[in-house]
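1. Provided below are the primary sequence and the corresponding predicted coordinates.
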Amino acid sequence: MRIHSHNKQSGLALITVLFIFALVSMLAISMQQRQSMDIAQASVTFTQAQAQMLALSAEDIAKAGLSLDLSQDTTNGTEVDSASELWNQEFMTELDGAKIFVSIRDLQGLFNLNSLSPDAPNPTAALNRFQRLLTEVDPGIPQSIATNVKNWLTPGNSANFDYQNLTPPYRAAEMEFSHPSELKLIQDVDNETYLKIEPYITALPSKTALNINTTLKEVLSSWDATLTTADSETLVQKSHSGKCGEVASYKDIEEFWQTPEITKVANKETNPAGQWNQADFSVKSEYFSVLIRVQLDDRDLVSESIIRRKPASNTEKGFIGVIYRDLSKNYEDIPLPKTVKC
């Protein structure tokens, strides 16, 4: 009887030992899995942080390049920004296993959505221009988008109720766009339509002039119904066809104004309905978009930084800095600038 009891105690002890061993094994496996997850998470975090630091470094290089360009222009007495300049070339480099792509786009060569704002110099003319631009891009794009943008920017407009009745509801901004992606909030603008329009639009202060040396033919031909696409292409060809590093462009607005194509449409006698004002144009720019792509391990980080480069004046110091940064985009979602290939 005692032997049987001893065997039962030995069996119970063995089961207890096996249970403790299984429990310890499970804890060890769990700790190992957790450690592996922590290591993987730390690795991803480190790679992400490294990619972001490389993107910020590339951003600093772009700012340095734009500063150098302005300094050279000031020294040479030719403060002109042209599509054939070196800053308009795509730059690629490799560093510590990472591939870095940098492209700079002059935003003042694009159509400014905020020119439809009530505070803009001529919002009515801007409305007509945007309608023509939409047709230039794709005749199937609803022209109602232009009116919807104007209403979105206008305080107290009754169209605001249309957005409040949506699901989910939201209000019209009744203020200038801070980025062209806000266009997706406008009625009649779906993602497909936005991707068609995006390469031609920007969102800058409403009184910002259009740089005739970097603009696109579609944007320029939308300025006036009497200016043909062929004439626009001829006008932009001058600043888009120079050798890399050489400024083949309009040196000032007066030179642009004296071209046969502009003389014909800007003449008030022959084209009284035309909307041409030299103050609406410029040959140099302050606003640039820097598109950066960093490929590191399995990470593909894309950054867009809007840089303002303001030259010094008699009353103010010069300034160059980032006024907008976006790290949420995919590479396929960003329109690359149309550069002059060297």
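-> Sure thing, it's come through.

2. CA atoms only: put stretch 194-213 into PDB for me.
-> Output of stretch 194-213 as PDB, limited to C-alpha atoms (Å, rounded to 0.1, in the frame of the first residue of the first chain):
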ATOM      1  CA  TYR A 194      -7.200  65.000 -60.200                       C
ATOM      2  CA  LEU A 195      -4.300  63.000 -61.500                       C
ATOM      3  CA  LYS A 196      -5.000  64.400 -65.000                       C
ATOM      4  CA  ILE A 197      -5.000  68.000 -63.700                       C
ATOM      5  CA  GLU A 198      -2.300  67.800 -61.100                       C
ATOM      6  CA  PRO A 199       0.800  68.200 -63.500                       C
ATOM      7  CA  TYR A 200      -0.600  71.700 -64.500                       C
ATOM      8  CA  ILE A 201      -1.700  73.200 -61.200                       C
ATOM      9  CA  THR A 202      -0.300  74.700 -58.100                       C
ATOM     10  CA  ALA A 203      -1.500  76.600 -55.000                       C
ATOM     11  CA  LEU A 204       0.500  79.800 -54.300                       C
ATOM     12  CA  PRO A 205      -0.400  83.200 -53.000                       C
ATOM     13  CA  SER A 206      -3.100  84.700 -55.300                       C
ATOM     14  CA  LYS A 207      -1.000  87.500 -56.600                       C
ATOM     15  CA  THR A 208       2.000  85.300 -57.600                       C
ATOM     16  CA  ALA A 209       3.000  85.900 -61.200                       C
ATOM     17  CA  LEU A 210       3.400  83.300 -63.900                       C
ATOM     18  CA  ASN A 211       7.000  82.600 -65.000                       C
ATOM     19  CA  ILE A 212       6.900  82.600 -68.800                       C
ATOM     20  CA  ASN A 213      10.300  80.900 -68.900                       C
END
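
3. show me the contacts for Phe177.
-> Each residue near Phe177 by CB atoms under 8 Å, 6 or more residues apart in numbering is listed here: 113-114, 153, 183, 203. Backbone N, C-alpha and C define where each C-beta goes, glycine included.

4. from those residues, which land in helices?
-> Those of the contacts of Phe177 mapping onto helices are Leu153, per DSSP state H.

5. now neighbour count and distance to Gly321 too, for the contacts of Phe177, in JSON lines please.
-> Below are the contacts of Phe177 laid out as JSON lines (neighbours: other CB atoms under 10 Å; distance: CB to CB, whole Å):
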{"residue": "Leu113", "neighbour count": "27", "distance to Gly321": "23"}
{"residue": "Asn114", "neighbour count": "23", "distance to Gly321": "20"}
{"residue": "Leu153", "neighbour count": "24", "distance to Gly321": "26"}
{"residue": "Leu183", "neighbour count": "20", "distance to Gly321": "25"}
{"residue": "Ala203", "neighbour count": "22", "distance to Gly321": "18"}
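
6. which sections of the stretch 201-342 of the chain are below the confidence cut-off?
-> 241-248, 333-342 (pLDDT under 70).

7. what about the helices in it?
-> Under the criterion DSSP state H, counting those that start in this stretch, the stretch 201-342 of the chain contains helices at 217-221, 229-240, 253-257, 260-266.

8. return the residues in contact with the residue lying closest to Gln187 once chain neighbours are set aside.
-> Excluding the flanking residues, the one nearest Gln187 by CB to CB, 6 or more residues apart in numbering is Asn148, at 4.8 Å. Neighbouring residues of Asn148 by CB under 8 Å, 6+ apart: 159, 186-189.

9. and the contacts of the strand of greatest length in the chain?
-> If you go by DSSP state E, the chain has its longest strand at strand 299-310. Here strand 299-310 makes contact (CB under 8 Å, 6+ apart) with 47-48, 51-52, 55, 58-59, 62-63, 66-67, 70, 107, 179, 285-294, 316, 318-327, 329-331, 334.

10. that one pairs with which strands, parallel or anti?
-> Within its sheet, strand 299-310 is paired with strand 287-296 (antiparallel), strand 319-326 (antiparallel), according to DSSP bridges.

11. of all those strands, which one is nearest Ile100?
-> strand 287-296 (5.5 Å; CB to CB).

12. returning to what we had before: just the pLDDT at the residue nearest to Gln187, thanks.
-> Note for Asn148: predicted pLDDT of 96.

13. how much space separates it from Gly156?
-> As for Asn148, its distance to Gly156 is 16 Å (criterion: CB to CB, to the nearest Å).

14. let's test this: mean pLDDT of stretch 69-83, rounded?
-> Mean predicted lDDT for stretch 69-83 stands at 89.

15. okay, how far is it across it, tip to tip?
-> Terminal residues of stretch 69-83 are spaced 13 Å apart (CA to CA, to the nearest Å).
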